[in-house]
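Participant: Model the structure of this input:
(chains A and B)
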2 protein chains.
Amino acid sequence: MAEPLLLGTNNQGKVVELAEIFRGLPWDIRSLADFPPVPAPIEEGDTFEANAIAKAAYFSQRFNVWCVADDSGLVVDALGGGPGVLSARYAGPDATDSANSAKLLAALEGTPESERTARFVCCAAVVKPDGDVHVEFGTVEGRIAFELRGRSGFGYDPLFIAEGFDKTFAEVGPARKLAVSHRGRAFRKLRAYLESL
Amino acid sequence: MAEPLLLGTNNQGKVVELAEIFRGLPWDIRSLADFPPVPAPIEEGDTFEANAIAKAAYFSQRFNVWCVADDSGLVVDALGGGPGVLSARYAGPDATDSANSAKLLAALEGTPESERTARFVCCAAVVKPDGDVHVEFGTVEGRIAFELRGRSGFGYDPLFIAEGFDKTFAEVGPARKLAVSHRGRAFRKLRAYLESL
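Facilitator: Model (predicted):
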């Protein structure tokens, strides 16, 4: 019987994406719905890596299983790497997507196109039952638009134009966004690592 | 520039699953969000195949692109293959999941376990801009439980116990259900077909 590998997320879209990425690995892929409910893990680290490991370690220890988890955010060069791990709460503890985007636009006011370079970064971590940890990173390079454009997606998507695109992530459909997903890239590297074990 | 291949569905979970399954194919994968809104296609065929082709052909013709689509349902041996293409509207035109499940349980009342065999079937179709069509099928074998069990999933999941499982699809989490998904099986065969072109 294969050992369980838990996908440590309550985001159902992420479960679908990861289940497909990890298909065929010699683990029994499980989601949180296969385990008793527990309080959400705390994410207060200073880096994507610290947060991804904290989440995966939390579920791994609770349930004594292999667990993967990730942390992601937007890194803007002109803001010294910000908002980074604060991406989801840039404009405050319970900030909306539009409040965060408005704050980002204001922070970049007067910044010319050539200096609006940015990237979405994802750190994916796996924690083993014995506590051993491995992480991988995935990124998608791009730049910050001068105004909000498009209605699909979430977060900073209406402001992010990926390299090779002339539209924001909120103007292109989810299939084109998934094709260059920083999360997909990080987890496919993690799959390669798991295959090597 | 690669030709577009449209994922002909408004179901976002399906877009995520298919974008991952079709990753790396020499097409530019698009979702409906990348095209102007159009009325929903009509599904009134007598078979999964007819409905899958009708959907894919509808979007393919509207937008002059390659398009994939699918149709799925539950096939119960003791009901002569029913509810089949009527799965979503077994108890009426706008039937709820619970009304459909209640009707299925009633129809199988007195049917012993050995005769409660069933399968989820998916037909996945691709239609090319020139009208050429190819279909593939995927199935997951199982049996119908004697009462509703579990809270996750949708449709007939609380009544379906897949082969090799001792719980219904609504009792196991989404990762374990996706691992044996009839839709995933059909679309992975369709990917192999597209690779062969």
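
Participant: Can you tell me the closest non-neighbouring residue to A:T117?
Facilitator: Nearest non-adjacent residue to A:T117, counting by Cβ to Cβ, 6 or more residues apart in numbering or on different chains: A:D77, 4.8 Å away. (C-beta placed from N, C-alpha, C; glycine too.)

Participant: Show the contacting residues for that neighbour.
Facilitator: Residues in contact with A:D77, defined by Cβ atoms under 8 Å, 6 or more residues apart in numbering or on different chains, are A:E115, A:T117, A:A118.

Participant: out of these, which are buried?
Facilitator: Neighbour-count burial (16 or more other Cβ atoms under 10 Å in any protein chain shown) applied to the contacts of A:D77 gives A:A118.

Participant: just the contacts of A:D77 now: which is nearest chain B?
Facilitator: A:A118 (22.8 Å; Cβ to the nearest Cβ).

Participant: what would the contacts of A:D77 look like in CSV with pLDDT?
Facilitator: Compiled in CSV, the contacts of A:D77 are given as follows (pLDDT from 0 to 100):
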residue, pLDDT
A:E115, 98
A:T117, 98
A:A118, 98
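
Participant: got a list of what the residue nearest the centre of chain A touches?
Facilitator: The structure's chain A has its C-alpha centroid closest to A:S72; by Cα atoms, centre = their mean the separation is 3.2 Å. Neighbour list for A:S72: A:F48, A:S87, A:F120, A:V121, A:C122, A:C123, A:H182, A:R183 [criterion: Cβ under 8 Å, 6+ apart].

Participant: Buried ones in stretch A:82-97, by neighbour count?
Facilitator: Neighbour counts using 16+ other Cβ under 10 Å place A:G82, A:P83, A:G84, A:V85, A:S87, A:A88, A:Y90, A:A91, A:A95, A:D97 of stretch A:82-97 among the buried residues.

Participant: With stretch A:122-132 instead?
Facilitator: Within stretch A:122-132, the residues that count as buried by 16+ other Cβ under 10 Å are A:C122, A:C123, A:A124, A:A125, A:V126, A:V127, A:K128.

Participant: for the record, mean pLDDT for the helix or strand where A:A57 lies?
Facilitator: Per DSSP states H and E, A:A57 falls inside helix A:48-63. Average pLDDT, helix A:48-63: 98.

Participant: Which helix or strand lies directly C-terminal to that helix?
Facilitator: strand A:66-76.

Participant: after that next one, next one along is what?
Facilitator: Taking DSSP H and E, what comes next after strand A:66-76 is helix A:97-107.

Participant: Now find how far off-centre that following helix is within its chain.
Facilitator: Relative to its chain's centre, helix A:97-107 lies at 19 Å (Cα atoms, centre = their mean, to the nearest Å).

Participant: Run the angle between the helix or strand following that helix and helix A:48-63 for me.
Facilitator: Downstream of helix A:97-107, the next assigned helix or strand under DSSP H and E is strand A:117-127. Inter-element angle recorded for strand A:117-127 and helix A:48-63: 20 degrees (by axes from the mean of the first three to the mean of the last three Cα atoms, to 10 degrees).
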